[in-house]
Structure formats: structure tokens, C-alpha cells
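Peer 1: what would the 3D arrangement of this be:
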Amino acid sequence: MIMDEPKTREEARTADDATISSAHRSTITVSDLKELVDATREILLRFNQDTAWWRGHAEAEWLLEPHAFRRNSERLEKQFYSETALMGHFVSRAPSRSHRPCPDNNDYLGWLSLAQHYGLPTRLLDWTENPLVAVYFAVERPDEDGCIWALSPTGLNRASGAADGLVQIRDPNVKKIAESAFRGTSSPEEIIALDGQEIDPRMLAQMSRFTLHSNRTPLEQVPESAKSANWLRQFVIPKNAKATIRKQLSAFGISDRVERTRVANASVHSASAPSKKRCEHGCASMPVEVGLLHFRIGGPSRGRLTQSCACAR
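Peer 2: Numbering: from 1, shown residues only. The predicted structure is shown next:
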């Protein structure tokens, strides 16, 4: 008797991810900006008027996981990034190449923020306080359903026992989690919403915020997420609505504003003209010579360009 082969680990993970994501999914589908207003109203009620952070995904099935914990598309044989090696290369070479002052040696979160600024994979995950910015990134890939995620940062911290509010950057657990990216040491099993620092104009213009992650478990799969109806919510954007929403965003000046900050941020690091190349996820990308750091995923590589795109956030 011939039996069907069992699902591969990746197939099983995909099925589990879809089930978990659906538990957070709102019945509101964002097909235009009018429905985005409905989504924000739902969030105000669910989050008890707390400030919401937003994140846009060009594909609705992408996970809420930082770049350092995703699969390494450039070195498939290693599957995942060597985080400590990446950070070690960065710290040892940044002082002579960075256009801005480097953090103190023991300021691990400062180094993570600087690495994130230059587009390296880190354990920081970008969010924004502006839902229109999140929608802008969610409509980048026209052939797939996208989504926006809404997070109550205080609700997340409260559920995980981290704090009743945003966690300060000098918090001992923040230091331990950030330090583990450089030393491979053990740290608290937490995802923390940070009251972080704005270190470049892009963060100010896009109202950027961060969650700091201690391991590979995506935010929507942490044990606390089973009770997350009041602090985590997903709104799907159908692929056939993306063109309409892009036009609406343009009418509000959002597309121009986001692109200006992208170009301004890139121009600090590179004299190269914008590229129409796309990353492995299909996002529009721009070459950025990383502040003359010449870093490439997996280690430094002189004279090469790295790609800055929505996926690197």
C-alpha cells in the first residue's frame, strides 16, 4: 500500500501559521482608506484607547519576526543568519566607516539600532504609529494579498509581564536581550515594546517604533498571543484593492513622503542612482552602500551594495 508522504516541516509550519494568523484576523477587510478608518475605530475600542503601533506586510502570510530570525535567502545551506558573526563584523568595522558616532562598547541596544539603520538583519522589528505608512508598505506587492498589523505596545508588555507601559532602553532585560545578539548568551524569553531612540530622519518621518525579540518565535505565535485579542490584530488588504489604495495614498502625499525619506536616508550612504531591482520577496528596492561599511549579509564584502527594502524592516 502506498501512503501519502507526511507534510514537510515547512508545510506544517505554513499550515500552523495560517491557523494562528486567522485567530488575530479582523472581519474588516481594508479595500480602500475609508475601511482603514473602520479598522482604526476597531483598534481604539479593542486597545481601550491605547496608542497603536502599525506594521504593513506586502504578503498577508508573512510572520511578525525580525530579519535576523528569518531564513537566510543568500545562504540557504545555513538556513538562518549567524547573528553573533554579523554583529561582530559590524562592531569591528563600523567605527572607521560610519557617518555617525558609534555607541559605547557596552551599549548593545545602541549598536542594534545602528545596525538596523544600515539595513543589517537584527532582532529589532519596525513598527509605525502612522497606519497610512503601514498601508503604504502593505500595498507594495501587487500580486498577493497584503495586510496591516495593529499592536498595542502597552498591552503586549503588560501581557508578557515586562511593564505596564513602554519599556525603557536602560531596562535590565532589554540589555540582556540586546547583549545576546552579540555574545550568544541566554536572555529572558520576551518580546518587548521599546521606548526607543530616533537616530535618523526616516524614523521621525515614518514615526518608527520597535519591538525587541529574544528568539525566533514570531509575535503572533508566542504563548501570550492566545489571549491577544486586545493587543494584536490583523487586517487583510486584498490584492485587487492595492492599486486603488496606492492612488489614494498618493492623493494624501504619503507615497512621496515615504520615498523622500528613503532617498534621503540612502543618499547619506551612497551616490548610486535608485535601482528598479526587487528583493527576494518582490519588494521594490534601492541599492545602499552601507555608509561605506560595504557590509553584505553573512559578512563584510568590500565594494558591494546591500538592498534596502520593506522586507529588511
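
Peer 1: what is the least confident helix or strand in the protein?
Peer 2: strand 286-288 (a mean of 33; mean pLDDT, DSSP states H and E).

Peer 1: what about the helices in the protein?
Peer 2: Assigned by DSSP state H, the chain shows helices spanning 9-24, 33-46, 83-93, 108-117, 131-138, 153-160, 172-183, 201-205, 242-251, 254-269.

Peer 1: and the second one, what does it pack against?
Peer 2: Taking 3 or more C-beta pairs under 8 Å, 6 or more residues apart in numbering; DSSP states H and E as the contact definition, the neighbouring helices and strands of helix 33-46 are helix 131-138, strand 146-151, strand 232-237, helix 242-251. No exception for glycine: its C-beta is placed from N, CA and C like everyone else's.

Peer 1: using CSV, lay out these together with mean pLDDT.
Peer 2: Shown next, in CSV, are the helices and strands packed on helix 33-46 (pLDDT from 0 to 100):
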stretch, mean pLDDT
helix 131-138, 95
strand 146-151, 97
strand 232-237, 96
helix 242-251, 95
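
Peer 1: compare those and give me the one nearest Asp38.
Peer 2: Asp38 lies closest, by C-beta to C-beta, to one member of the helices and strands packed on helix 33-46: strand 232-237, at 9.1 Å.

Peer 1: where does pLDDT dip in the protein?
Peer 2: 1-22, 72-79, 196-207, 224-229, 256-313 (pLDDT under 70).

Peer 1: if we go to 50?
Peer 2: 1-13, 15, 19, 204-205, 263-312 (pLDDT under 50).

Peer 1: now do Arg246 against Val135, distance only.
Peer 2: Distance, Arg246 to Val135, by C-beta to C-beta, to the nearest Å: 9 Å.

Peer 1: looking at those two, which is more packed in?
Peer 2: Val135 (26 against 17; other C-beta atoms under 10 Å).

Peer 1: quick one: residues contacting the more buried one.
Peer 2: If you count contacts by C-beta atoms under 8 Å, 6 or more residues apart in numbering, Val135 has them with Val30, Leu33, Leu36, Gly56, Ile148, Ile237, Ile245, Leu249, Ile254.

Peer 1: filter the residues you listed down to the buried ones, PyMOL style.
Peer 2: Restricted to buried positions by 16 or more other C-beta atoms under 10 Å, the PyMOL selection for these reads:
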select buried, resi 30+33+36+56+148+237+245+249+254
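
Peer 1: looking at the contacts of Val135, which is nearest Met87?
Peer 2: Of those, the one sitting nearest to Met87 (C-beta to C-beta) turns out to be Gly56, at 26.8 Å.
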